[in-house]
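Undergrad: need the 3D shape of this:
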Amino acid sequence: MIDTGIYPDLSNEDYHADPALGSSMMSLLKKSPAHLRAYLKHPPEPTPAMKFGAEYHNYCLGGNYEITPKNLPIIKDMYSVLKAHPIASKLLSGGEPEVSYFWRHRKYGFMCKCRPDYRKGNTIIDLKTTTDASPESFSRAIANFGYHRQGDHYLSGVAEHGIEAENFVIIAQEKKPPYPVAIYRLSEEDLYLGHLENDLIYQTYTQCKALKEWPGYPEKIQSIALPKWYFRQASI
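TA: The predicted model follows:
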């Protein structure tokens, strides 16, 4: 297990191999403790989309990662659009790429970790590839993938090391021509909601570790209803 500290040169493989609680693990835990347990016991093979995202991140952020030949032309074209973007290019220069942070949670006592894509001053920047970077679509992605929880976890992690970071900014880029880029700053309200949700996740993690029980979905019949957005869009 890696000790508390800041590790600028830790490999991606060593980071992910460490058992400290990271944001991707937290997303699984939120689904159910059983999902996290299964992932830790039998890590799944990366999907093509995950491999592409990892290759693009490393190409943009200077990582040492072999690029799949068929992806290289697309990645180069995407990167040229990204570098030409007046704001994105500035956000991704003059800062620190892929630094790993490890800390012991002050309230619950277990080890945590985070590895922001980029930090520049008081801003944490996350680069994400997507099929649709429009505000309407990407706001759904923020909710579905818990990027507001990720932002709070990252900001908390760097703060534990005396780094004052206040902003969590996402650079979203589409994977098909013309590879447009959109930049979103999560609001304080959304990050606070992420903070509240994260605390519940931390509590669940603490309980599961103490009891050595990793349950799945509730073992009872539950009521269910269509989501509210369906009624808003229903043509009736």
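Undergrad: ok, and what's touching stretch 113-125?
TA: For stretch 113-125, contacts defined as Cβ atoms under 8 Å, 6 or more residues apart in numbering pick out 2, 12, 15, 18, 20-23, 57, 61, 91-103, 126-127, 151, 153-155, 157-158, 163-171. Every C-beta, even on glycine, is put in place using the N, C-alpha and C of the backbone.
Undergrad: switch the cut-off to 6 Å
TA: 15, 20, 22, 91-92, 95-97, 100-102, 126-127, 153-154, 157, 164-169 (Cβ atoms under 6 Å, 6 or more residues apart in numbering).
Undergrad: what does stretch 190-201 give?
TA: Met26, Leu29, Lys30, His148, Arg149, Gly151, Asp152, His153.
Undergrad: considering the residues you listed, which possesses the most neighbours?
TA: For the contacts of stretch 190-201, the largest number of neighbours (other Cβ atoms under 10 Å) sits with Gly151, at 27 neighbours.
Undergrad: mind putting the contacts of stretch 190-201 in TSV, distance to Ile183 included?
TA: Below are the contacts of stretch 190-201 laid out as TSV (distance: Cβ to Cβ, whole Å):
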residue	distance to Ile183
Met26	25
Leu29	29
Lys30	26
His148	16
Arg149	20
Gly151	14
Asp152	19
His153	21
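Undergrad: what's the closest of these to Phe231?
TA: His148 (23.9 Å; Cβ to Cβ).
Undergrad: elements contacting whichever strand or helix holds that closest one?
TA: Per DSSP states H and E, His148 falls inside helix 147-159. In this structure, helix 147-159 packs against strand 111-114, helix 188-211, with contacts taken as 3 or more Cβ pairs under 6 Å, 6 or more residues apart in numbering; DSSP states H and E.
Undergrad: let me know which of these is the nearest to Ile221.
TA: Set against Ile221 and scored by Cβ to Cβ, the helices and strands packed on helix 147-159 come closest in helix 188-211, at 22.3 Å.
Undergrad: what residues sit buried inside that closest one?
TA: Buried residues in helix 188-211, counted by 16 or more other Cβ atoms under 10 Å: Asp190, Leu191, Gly194, His195, Glu197, Asn198, Ile201, Tyr202, Thr204, Tyr205, Cys208.
Undergrad: pLDDT of it, averaged?
TA: Averaged across helix 188-211, pLDDT comes to 98.
Undergrad: name the residue closest to the centre of this protein, please.
TA: By Cα atoms, centre = their mean, the chain has its centre lying nearest to Gln150, at 5.0 Å.
Undergrad: pLDDT averaged over stretch 138-150 - what is it?
TA: 96.
Undergrad: and it, which residues are buried?
TA: In terms of neighbour count (16+ other Cβ under 10 Å), stretch 138-150 has its buried residues at Phe138, Ala141, Ile142, Gly146, Tyr147, His148, Arg149, Gln150.
Undergrad: dump that stretch to PDB, restricted to CA.
TA: What follows is stretch 138-150, C-alpha atoms only, in PDB (Å, rounded to 0.1, in the frame of the first residue of the first chain):
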ATOM      1  CA  PHE A 138     -23.100  16.400 -21.200                       C
ATOM      2  CA  SER A 139     -25.200  17.500 -18.200                       C
ATOM      3  CA  ARG A 140     -26.700  14.000 -18.300                       C
ATOM      4  CA  ALA A 141     -23.200  12.500 -18.400                       C
ATOM      5  CA  ILE A 142     -22.200  14.500 -15.300                       C
ATOM      6  CA  ALA A 143     -25.200  13.000 -13.500                       C
ATOM      7  CA  ASN A 144     -24.900   9.400 -14.900                       C
ATOM      8  CA  PHE A 145     -21.100   9.100 -14.300                       C
ATOM      9  CA  GLY A 146     -21.000  11.100 -11.100                       C
ATOM     10  CA  TYR A 147     -18.500  13.700 -12.300                       C
ATOM     11  CA  HIS A 148     -19.700  16.100  -9.500                       C
ATOM     12  CA  ARG A 149     -18.600  13.400  -7.000                       C
ATOM     13  CA  GLN A 150     -15.300  12.900  -8.800                       C
END
